[in-house]
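K.L.:
any chance you could fold what I've pasted below:
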Amino acid sequence: MAELHVIGELDGASGFPTHSLYCKWSVQVEGSWKLLSGVCEGQTQVDNPENEEYSVWSHPIDLHFATKGLKGWPKLHFEVWHQDNFGRNEVYGYGFCHVPTSPGHHKMNCVTWKPVGDWKQRLRSYFVSGGPILRNSDIIYSGTDRYKLTTVAMGTVHLKLSIILRSFDKFGIELSSKGKDLENEYHNVEANFNNNDNVVEQAADLINVIADFPDPKNIGNKNDVEPGNLLVPINNISESYKSNITDNKIAKT
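P.N.:
Coordinates of the predicted model:
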């Protein structure tokens, strides 16, 4: 059987409205996947930084899987909770991400969301804390009934994972590193964008890199790359934004 090693840590979280956060996490697999060693779920400590917006957990993750196929590739899902001064716990966000399909070291960001209740629930949450929570956590990663929810964006969970693949080639499975190469190229251009005064040219380069990512609408075709390599840090760039950058570049020349 092919084997997958996932070694790393749940680094922390940022972008949440308050401190005193902890995270419940678990891994979900389907099909012929089997967990050989490691713990498939866990919970971090409560971190309450005094002067920083970044909550640090450094929670270790060490998983070893075996499989006969790619169906049901492992997914990590998270529940971020806030604990107030009275020991009351309130859910601050749900989120999930696929385990990367390319070997090597990966820095991942998982954006979270939380459901919004009716006006009575919002009023109660404002005065006495608390809020609506999901009855079934499967909705976090399945998305079957998620269209029924009204949600609001919350903070981001940060992970550092190292992926080791073994014996996949014996089963005729070739996992390309193209997605990782594009991800690295994106981060290089983004760094230049932040440190360069020539904003118009750098923005155009950034759009060109993003254009190289596979179109998610084509998932299912035989020439597709792996789902884990389709994660794009910028999910949407409007056509008007692209045209404005192009017009500015032409005007400058």
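K.L.:
buried stuff in stretch 78-87?
P.N.:
For stretch 78-87, burial by neighbour count (16 or more other CB atoms under 10 Å) applies to Phe78, Glu79, Val80, Trp81, His82. (C-beta placed from N, C-alpha, C; glycine too.)
K.L.:
neighbours of the spatially closest residue to Tyr94 that is not a sequence neighbour, how many?
P.N.:
Among residues not flanking Tyr94 along the chain, Ile140 sits closest, at 4.9 Å (CB to CB, 6 or more residues apart in numbering). Residue neighbour count, defined by other CB atoms under 10 Å, stands at 20 for Ile140.
K.L.:
give me the pLDDT for Ile140.
P.N.:
Note on Ile140: pLDDT of 81.
K.L.:
how about Tyr241?
P.N.:
Here, the pLDDT recorded for Tyr241 equals 40.
K.L.:
with Ser176 instead?
P.N.:
Looking at Ser176, its pLDDT reads 58.
K.L.:
tally of neighbours for Lys160?
P.N.:
Number of residues near Lys160 (other CB under 10 Å) recorded here: 16.
K.L.:
again, but for Glu52
P.N.:
11.
K.L.:
what's the answer for Asp62, then?
P.N.:
12.
K.L.:
which strands or helices does the helix or strand hosting it pack on?
P.N.:
Following DSSP states H and E, one finds Asp62 within strand 55-67. The contact analysis (3 or more CB pairs under 8 Å, 6 or more residues apart in numbering; DSSP states H and E) places strand 55-67 against strand 2-14, strand 21-28, strand 34-37.
K.L.:
flag every buried residue along stretch 23-43.
P.N.:
Buried-residue list, stretch 23-43, by 16+ other CB under 10 Å: Cys23, Trp25, Ser26, Val27, Gln28, Val29, Trp33, Gly38.
K.L.:
strands along this protein, start to end?
P.N.:
Assignment of strands within the chain using DSSP state E yields the ranges 2-14, 21-28, 34-37, 41-43, 55-67, 75-83, 89-98, 104-115, 151-166.
K.L.:
that older thread, for the residue nearest to Tyr94, list the residues it contacts.
P.N.:
His77, Glu79, Tyr94, Gly95, Phe96, Leu134 (CB atoms under 8 Å, 6 or more residues apart in numbering).
K.L.:
next: Glu79.
P.N.:
Neighbour list for Glu79: Cys23, Lys24, Trp25, Val91, Gly93, Tyr94, Ser137, Ile140 [criterion: CB under 8 Å, 6+ apart].
K.L.:
if you drop the residues flanking it in sequence, what lies closest to the second one?
P.N.:
If I follow you right, that is Lys24. Nearest non-adjacent residue to Lys24 (CB to CB, 6+ apart): Glu79, at 4.4 Å.
K.L.:
and that neighbour, what are its bridge partners?
P.N.:
In this entry, Glu79 is beta-bridged to Lys24, Tyr94, by DSSP bridges.
K.L.:
any idea how far Val46 lies from Cys23?
P.N.:
Using CB to CB, to the nearest Å, Val46 is found at 10 Å from Cys23.
K.L.:
try Thr150
P.N.:
Thr150 sits 23 Å away from Cys23, going by CB to CB.
K.L.:
then Phe171?
P.N.:
Following CB to CB, the distance that separates Phe171 from Cys23 is 34 Å.
K.L.:
repeat that for Gly172.
P.N.:
Distance, Gly172 to Cys23, using CB to CB: 37 Å.
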